[in-house]
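Colleague: coordinates for the following, if possible.
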Amino acid sequence: MNKIEALKSEKGGLEIKRDIERFAKEGWESISEDDIHRLKWFGLFLRKPTPGFFMMRVRISNGIAFSYQIKALSDISKRFGNGVIDITTRQQIQVRHLKIESIPEVFDLMEQAGLSSMQTGMDNIRNVMGCPLSGLNPKEVTDTLPLAKGLTDLFLNNPEFTNLPRKINIAITGCPDNCVHTESQDIALIPAFLEKPGGKIAGFNVLAGGKLGSGGYRIASSLDIFLEPHEVVNTCAEIVLLYRDYGNRETRTQNRLSFLLDEWGAERFRETLLKRLGNPLRRAGIDVRNSGHKDHIGIYRQKQLFANAVGLKAIVGRIKAEQLTKVAELAEKYGTGEVRFSPSQSLIVPHVQDKHLGDFLEEPILKELLYAPSSVVRNLVSCVGSDYCSLATIETKSRALDLAQQLETRLKNPSPISMHWSGCPAGCGNHLLSDIGFLGKRTKVEGKTVDAVDIFVGGRAGPNPKTSIKILENVPCDSLPQILEGIIPYHTRHKMHPVKKSRPKTSSENIIPQKTAEPITLSSSA
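Modeller: Now for the predicted structure:
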């Protein structure tokens, strides 16, 4: 039994809630190491770079919140934290620099606003992702909002789902534009049609076993299952419980759902799932996703008449509490109070009427949060980095922003390209899913240890997923502007991975990861 399994056997993660009042009185140094881990069941993370201060991760199902919730988070960040907020690649919010003494009051304010940080860490089902334009996108196959909410309501605060072998990431999307990185999820539902006499049935094909950490990018496999919307919550729950009962609990680095699938094979996994469900499931339908990718940054027509959704880029996902408050105010002034968060670390204000769109675009905050960013920063994504995360080797956000600014000066009208930064192999910045990915590390140059990266190219999720290829190792970060200036003009997505004409997948097809090439090592003297 590994250390985490041992502490879970002594006291369940949710049981730590009753101790938080005591911790608030006694101070953070009174909290045992085991209880530091258990606090992650309530989204509280004590990080070594900020001793005595906690990060709180807030669950935003399908990325959809409301202005009063956004204002509550901004107020919490300013009153109890340092005013710094991060938007994650899972459509969540991270509030920083909270003291344990403030947490009881913070939790009260969160509850009043209908927000929760519960089960956003450790061995739980994490935030259920979905297209941020769910219910608005004229091209969507199925509105996934009620499904994400139904699944969240089922497992939240439910002991049946709080002691998994490791975390489970779930994405449910009806969007054909691949705005959610489904192939990296433990469970992913993608838009599909099933041909039946009398017409098509709209629903989802089921993928499973995707991941980015624990050994790299494993592309999710098809389970050869088609689900109608009313079957989604129960089937996803049974997949999670199957993993709970049969997943490896010995070595934590080898106990994601992907390892169980590799051990059993997709067919055995599917058959076991069918037995648990007690009813037959139909074979996979026709994948209706497009080959491209959209981040929903910019101005998009909604299916509702005369309404628009405006996506705003928060560069590298970091935003000040005051800026977030202004976005909430814009949502109230021009929309219905809704604010949506995207996996591309952007914000979306929906329901902006045609007659008010011009005024909206003239608001001062849109000079800081861009609706028409350059091709360099539009798909720029970064993990938290070493200033707040003890796992990260380098500070990623400032490095990513500095590189982007230099490339904007050096390059003239480059083609759209995604650049993702991860500070450690956990891959929170999704560096293996981007056109160009950076994995932070340290290397020596002339005897001095400096920030560096390994460079990957050609990663992709979607209907033609590809693993990225590592092309350079140990590249000093200070050398990146010159190196990328020579790479980006000659890097195009269609050259890296030509898209074959799509065809309906047969019932026996699975998606197999592409083998990676041997990397080139850049000498420290370069």
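
Colleague: go ahead and confirm Phe259 touches Asn248.
Modeller: Yes. With contact defined as CB atoms under 8 Å, Phe259 and Asn248 form a contacting pair (6.0 Å). (C-beta placed from N, C-alpha, C; glycine too.)

Colleague: tell me which of those two has more neighbours.
Modeller: Counted by other CB atoms under 10 Å, Phe259 and Asn248 do not tie: Phe259 has more neighbours, with 22 against 15.

Colleague: the domain parsing of this protein - what is it?
Modeller: The domain map for the chain lists 3-112, 145-287, 298-367, 380-521, with the assignment taken from automatic domain parsing.

Colleague: what bridges to Leu312?
Modeller: Following DSSP bridges, Leu312 is listed with bridge partners Leu347.

Colleague: for the residue most central in space within the chain, which non-adjacent residue is spatially closest?
Modeller: By CA atoms, centre = their mean, the mean C-alpha position of the chain lies nearest to Arg90, the distance being 2.6 Å. Setting aside the residues directly before and after it, Arg90 is nearest to Asn127 in space (CB to CB, 6 or more residues apart in numbering), at 4.8 Å.

Colleague: any idea how many residues pack against that neighbour?
Modeller: Taking other CB under 10 Å as the neighbour definition, Asn127 ends up with a count of 26.

Colleague: does it touch Ser61 like I think?
Modeller: Yes. Counting by CB under 8 Å, Asn127 does reach Ser61; the two are 6.6 Å apart.

Colleague: ok, Ile417 to Leu411 distance?
Modeller: Distance check for Ile417 against Leu411: by CB to CB, to the nearest Å, it reads 10 Å.

Colleague: and these two? which has more neighbours close in?
Modeller: Per other CB under 10 Å, whichever of Ile417 and Leu411 has more neighbours is Ile417, with 22 against 18.

Colleague: list the contacts of the more buried one.
Modeller: Residues in contact with Ile417, defined by CB atoms under 8 Å, 6 or more residues apart in numbering, are Ser375, Val376, Asn379, Asp435, Ile436, Ile488, His491, Arg493.

Colleague: and of these, the nearest to Lys448?
Modeller: Within the contacts of Ile417, the smallest distance to Lys448 is 26.0 Å, found for Ile436 (CB to CB).

Colleague: verify the stated contact: the closest one with Arg460.
Modeller: No. With contact defined as CB under 8 Å, Ile436 does not count as touching Arg460 (11.8 Å).

Colleague: compare these two (neighbour count), which wins?
Modeller: Neighbours of Ile436 and Arg460, each counted by other CB under 10 Å, are more numerous for Arg460; the result is 25 against 22.

Colleague: kindly reformat the contacts of Ile417 as CSV containing distance to Ile365.
Modeller: What follows is these, written out as CSV (distance: CB to CB, whole Å):
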residue, distance to Ile365
Ser375, 22
Val376, 21
Asn379, 21
Asp435, 29
Ile436, 29
Ile488, 30
His491, 33
Arg493, 32
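
Colleague: highest neighbour count among those?
Modeller: For the contacts of Ile417, counting by other CB under 10 Å, the largest number of neighbours falls to Asp435: 24 neighbours.

Colleague: so that residue is in contact with Met419, correct?
Modeller: Yes. Applying CB under 8 Å as the test, Asp435 and Met419 come out as touching, 7.0 Å apart.

Colleague: name the residues contacting each of the two.
Modeller: Counting by CB under 8 Å, 6+ apart, the contacts common to Asp435 and Met419 are Asn379.

Colleague: now Leu305, what's its secondary structure?
Modeller: The three-state label for Leu305, taken from DSSP: H, G, I helix; E, B strand; the rest coil, comes out as coil.

Colleague: in contact with Pro463, which residues?
Modeller: Asn178, Asp287, Arg289, Asn290, Ser291, Ser502.

Colleague: contacting residues for Leu136?
Modeller: Neighbouring residues of Leu136 by CB under 8 Å, 6+ apart: Tyr300, Gln302, Lys303, Gln304, Ala307, Ala309, Pro350.

Colleague: burial measure for the residue nearest to Ile297 when sequence neighbours are not counted, as a count.
Modeller: Using CB to CB, 6+ apart and skipping the chain neighbours, the partner closest in space to Ile297 is Gly311 (4.0 Å). By other CB under 10 Å, 25 other residues sit near Gly311.

Colleague: cool, Val457 as well?
Modeller: Number of residues near Val457 (other CB under 10 Å) recorded here: 17.

Colleague: could you check the distance from it over to Val310?
Modeller: Distance, Val457 to Val310, by CB to CB: 31 Å.

Colleague: one more: Ile239?
Modeller: 36 Å.

Colleague: same question, Ser342
Modeller: Applying CB to CB, the value for Ser342 to Val310 is 12 Å.

Colleague: got any residues that touch both of these two?
Modeller: Ile348.

Colleague: residue ranges in the stretch 401-526 of the chain under the pLDDT threshold?
Modeller: For the stretch 401-526 of the chain, the stretches with pLDDT under 70 are 492-526.
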